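Participant: predicted model and sequence below, questions to follow.
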Amino acid sequence: MPPSPNKDKGKEKVVEMSEEERQAAIAAAEARQRSFERSFAGPSVGKAGLMRDQTDINRIIAEASKGSKYYLNQVRKDKELTEKIEWYQAKRDELMKMANIPRLESEAERIESILDMSQVIVHVDMDAFYASVEVQRDPTLKGKAFGVGQGVLTTASYEARKYGCRSGMAGFIAKKLCPHIILTKMHFDLYIAASKAVREVLLQYDENLMMASLDEGYLNITPYMSTHNMTAADVVSQLRAEVQAKTQLTMSAGIAPNRMLAKICSDKNKPNGQYEMEFDRTVVTKFMRDLPVRKIPGFGRVTERCLEGLGVETCGDIYSHRAELLVMDHWFGFRGLCKAYLGIADNSVAPGKREERKSVGVERTFREKTNDEDILNELASIAEELEKDLDRLQYAGKTVTVKYKLHTYENKTRARSVGKYISSSKDILPIALELMKRELPVRIRLLGLRLSTLKDLTVADKGIKGFFTSPSKKRATSTEAGPSRSITPIPIDDDDDIPELLRMEEEDEAEVLDMTNDDNDVVDSPIPYDNGTPPPTSTLGKRKSLEVDKPSHLLGPVCPICNKALGPGTSNTGLNEHIDWCLNKDAISEASKRSPVKKIKTDNKVGNRNIPKKGKDGKGTMLSWLKKP
C-alpha cells in the first residue's frame, strides 16, 4: 500500500528541518570544540609573533593531552563551566523579562567614570627573562628554540614561542609543537641575582618601586620627570638603556595613567620596545573599546568564556550589553566591568607591605603517591620546610590548611583553626596529619601546607605580652624578616565583589602550571617566589565570606574557620568551598578597618547593589564620558 501524500509531505518537512538543525548542531559542536581546545592554550594565548595559527596550536595541545588525566579533568571542568554558562544565560533571560530596560540602561550610565591622569605609571617587563639569563650562562643557546624547565616550562625563547611554546606548558607538549626544542634546567640563583641588578636600576627612578615578580614591576615616574625636566618617553628610554648596560638584558615597557593600562601597553612593542598611551580620555576609550576582554589583567579563560556566554567578547561589548550585565551584577560585578572598559584602575605604586600577606605556604608536585606512609612522610617534610619559611619571614598563624591534588587533577583542601598562634612544625604537623589521615587512602600528585590568619612577629606586642617580650625580639625589623609579597595590579577596586567568577578563576589558575602527563616527567617548581610561597595571582575583586542560611538545628558539618553549622544537606564539596571563602575573612576585616570605604547614600538600587546618583553638573558619569567627542 503506497504511503499517503500527507505522510510523505510530513516526512519531507522533517527531513528539511532536520538538515537545518543538523547544520546548526554541527556549527555549535565545532564552536564548543574550539572553545574547549582553547582552554588548553593557557595564559599566553594570542601572543604575537606566532608562525602557526593559534587555533592550530590549541588543537595540537589538546590532541597531545588526549587520554591523560589532565585531559579528562579539563573535559570535566569544561562540562561544568558550560552548564554554569547555560545557567547564567537562563538567569539573564529570566531577569530581563521582568526588567525595565530603559531604566536599567539609564542607571548603568550613571556609574562614576573618573579617569585620573595626574600620574605617569610605567610597567616594565623583562624580555623572556629566564631564557635571556640562560643564554648568558650558555651562549650556545642564542638563536635556538629552547625552554627553561624540563617538566614544566617557566619560559621559552622567542624562537620557541613562534611555534606556540610558552610558560606553564608541559615539556612533552612543547616537544609536540616544536620537536627541535631544547629543554634546560633552571638556575634560580642566576635569576635572583639578575633581578636584583635590574631592581637596583629601577629604584633610582622610583624609590617606591612595586615589583610584581622577579622580572616585572611598576614605577611612578611623575616626580622623576618633574625633577629632571624630561618627558616620559625619554625617562623610560634612559631607564631601559641603563638596565641593558648593567645586565645585558633587554626590557619592554608600557607608559599609561594607571597600572592596568601600563601593563597592557608593555606588551604592545615586545621585545625590547616601549609604548606610550596618549593621556587623553577619548584615546583611552577608543583603545579599550576593541580590546578583547582576555587582555585585561586578571581576566582569565573562565571570565572570558562566561562573558562570551552573555555576548561580551570585547570591552566595547560591556557598554552594548550594559542592561543585561547590570541585572547580572551579583555574579559579574557590573561596576568593575565598566571601569575596565573605560580604562579606570589604580594608579598607586608602592612596595608590598607585610600586613598584606594572607598566608605562608609550601607545595610540592611529584609523581603519583599512593602509599599512606609515603604521603604522611612527605607531609612531615613539608611541615619542616614551612617552619623554616615562617621563621625566616617572621610570621605565625592560626589556620592550618592541607591541600592535595588527586591523580585526576581535582584539587582538595582541608583546614582547621586553633586558638593560639603557631609557627613550629611540632604544632603544625599534628593538625596536618589529623586532616590528612581522614582522607586516606588517596592517589595524589601534589601536596601542600598553608598557614593563614597570620600575625606579624616583627610588630611588638602591646599590653602585658609586650612588656615581657625580650628587647632583642622587639628590635626585629621587617628587613630582617625578608621581602614581603608584592601585589599584582587589579583592574577592579577592592569593593567590587565578583565572588563566583573569582572562585572559578582562582581554581582554574591553580592548574595552569600543572599539565604533566607522563609519570616519568620531572616537575620543576615553576617560579621562585618568596622561597616556597606560591606566586600571587591576579584577582577580580575582594573575596567575601560565603553567606549560608542559618540551619534550624546543628546537624551536619561545622566549618572549622567560623564554627558555623552548615546543615545536614551540605556535601564535602560544599564544606570545602565554604572553608575556602572563610580563610581570608580576618585579613579582609583588618584591611577594611585600615581603609574604611565611604558609603554613598542613594535611593536607586539594582538587586543588592547601590548605583550612585548622577551629579548635578552631569560630570563624571559614563554617559557624559561617552557623549563627549
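Facilitator: Received, thanks.
Participant: Asp290 - how many residues pack around it?
Facilitator: 10 (other CB atoms under 10 Å). Every residue, glycine included, has its C-beta placed from N, CA and C.
Participant: contacts only, for it.
Facilitator: Shown in contact with Asp290 (CB atoms under 8 Å, 6 or more residues apart in numbering): 314-316.
Participant: how far away is Cys306 from Lys91?
Facilitator: 12 Å (CB to CB, to the nearest Å).
Participant: mind checking which of the two has more residues around it?
Facilitator: Just comparing Cys306 and Lys91: by other CB under 10 Å the higher neighbour count belongs to Cys306, 23 against 14.
Participant: for whichever strand or helix holds the more buried one, packing partners?
Facilitator: Cys306 is part of helix 301-309 when elements are defined by DSSP states H and E. For helix 301-309, the contact count by 3 or more CB pairs under 8 Å, 6 or more residues apart in numbering; DSSP states H and E identifies helix 69-98, helix 499-509 as packing neighbours.
Participant: and the contacts of Asp290, which are buried?
Facilitator: Buried residues within the contacts of Asp290, counting neighbours by 16 or more other CB atoms under 10 Å: 314-316.
Participant: of the residues you listed, just say which sits nearest to Pro102.
Facilitator: Ranked by distance to Pro102 (CB to CB), the buried ones among the contacts of Asp290 are led by Gly316 at 20.7 Å.
Participant: now that closest one, nearest residue through space, not along the chain?
Facilitator: Arg289 (3.8 Å; CB to CB, 6 or more residues apart in numbering).
Participant: what's the spacing between the one you found and Glu276?
Facilitator: For Arg289, the distance to Glu276 equals 19 Å [CB to CB].
Participant: pick out whichever of these two has more residues nearby.
Facilitator: Glu276 (19 against 16).
Participant: so what pairs up with the nearest residue to the more buried one once chain neighbours are set aside in the strands?
Facilitator: Closest residue to Glu276 apart from its sequence neighbours, by CB to CB, 6+ apart: Ile255 at 4.0 Å. Ile255 forms beta bridges with Val122, Glu276, as assigned by DSSP bridges.
Participant: ok, now Ser213?
Facilitator: Bridge pairing for Ser213 - DSSP bridges - gives Glu216.
Participant: if I look at it, how far off is Asn269?
Facilitator: Using CB to CB, we find Ser213 at a distance of 20 Å from Asn269.
Participant: also Glu387?
Facilitator: For Glu387, the distance to Asn269 (CB to CB) stands at 46 Å.
Participant: do Cys338 as well
Facilitator: Taking CB to CB, one finds Cys338 at 28 Å from Asn269.
Participant: and these two? Which one has more around it.
Facilitator: Neighbour count, other CB under 10 Å: between Cys338 and Asn269, Cys338 has more, with 24 against 15.
Participant: you'd agree that one is up against Ala108?
Facilitator: Yes - between Cys338 and Ala108 a contact is recorded at 7.4 Å, counting by CB atoms under 8 Å.
Participant: report the buried residues of stretch 273-280.
Facilitator: For stretch 273-280, a neighbour-count test (16+ other CB under 10 Å) marks 273-277, 279 as buried.
Participant: reformat those residues as CSV; add distance to Arg450 and pLDDT.
Facilitator: Below are the buried residues of stretch 273-280 laid out as CSV (distance: CB to CB, whole Å; pLDDT from 0 to 100):
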residue, distance to Arg450, pLDDT
Gly273, 39, 95
Gln274, 39, 96
Tyr275, 38, 96
Glu276, 41, 96
Met277, 38, 95
Phe279, 42, 94
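Participant: dump those into TSV; add distance to Tyr130 as well.
Facilitator: As requested, the buried residues of stretch 273-280 are exported to TSV (distance: CB to CB, whole Å):
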residue	distance to Tyr130
Gly273	20
Gln274	22
Tyr275	23
Glu276	27
Met277	28
Phe279	34
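Participant: which of these sits closest to Leu261?
Facilitator: The shortest approach to Leu261 among these belongs to Met277, at 5.8 Å (CB to CB).
Participant: show me what the host helix or strand of Cys265 is packed up against.
Facilitator: Using DSSP H and E, Cys265 sits within helix 259-266. Under the contact criterion of 3+ CB pairs under 8 Å, 6+ apart, helix 259-266 touches strand 121-126, strand 251-256, strand 274-276.
Participant: show me what counts as buried in whichever helix or strand comes after the first one.
Facilitator: Once the chain leaves strand 121-126, the next helix or strand it forms, by DSSP H and E, is helix 129-137. The neighbour-count criterion (16+ other CB under 10 Å) identifies 129-135 as the buried residues of helix 129-137.
Participant: again with stretch 373-380
Facilitator: Going by 16+ other CB under 10 Å, stretch 373-380 has these buried residues: 375-376, 378-379.
Participant: who's in contact with that stretch?
Facilitator: Outside stretch 373-380, the residues that touch it by CB under 8 Å, 6+ apart are 364, 366, 369, 402, 425, 429, 432-433, 436-437, 440, 442, 444, 447, 449.
Participant: and Gly164, which of the three is it?
Facilitator: Taking DSSP: H, G, I helix; E, B strand; the rest coil as the rule, one finds Gly164 in the coil state.
Participant: ok, and the closest non-adjacent residue to it?
Facilitator: Ile57 (3.6 Å).
Participant: for the helix or strand where that neighbour lies, enumerate the helices and strands it packs against.
Facilitator: Using DSSP H and E, the element containing Ile57 is helix 54-65. Secondary-structure packing of helix 54-65 (3+ CB pairs under 8 Å, 6+ apart): helix 5-38, helix 69-98, helix 171-177.
Participant: in CSV, list those along with mean pLDDT.
Facilitator: Converted to CSV, those look like this (pLDDT from 0 to 100):
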stretch, mean pLDDT
helix 5-38, 64
helix 69-98, 87
helix 171-177, 87
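Participant: just the strands in this protein please.
Facilitator: Assigned by DSSP state E, the chain shows strands spanning 121-126, 146-148, 155-156, 182-184, 210-213, 216-220, 251-256, 274-276, 359-369, 395-406, 411-422, 444-456, 605-606, 609-610.
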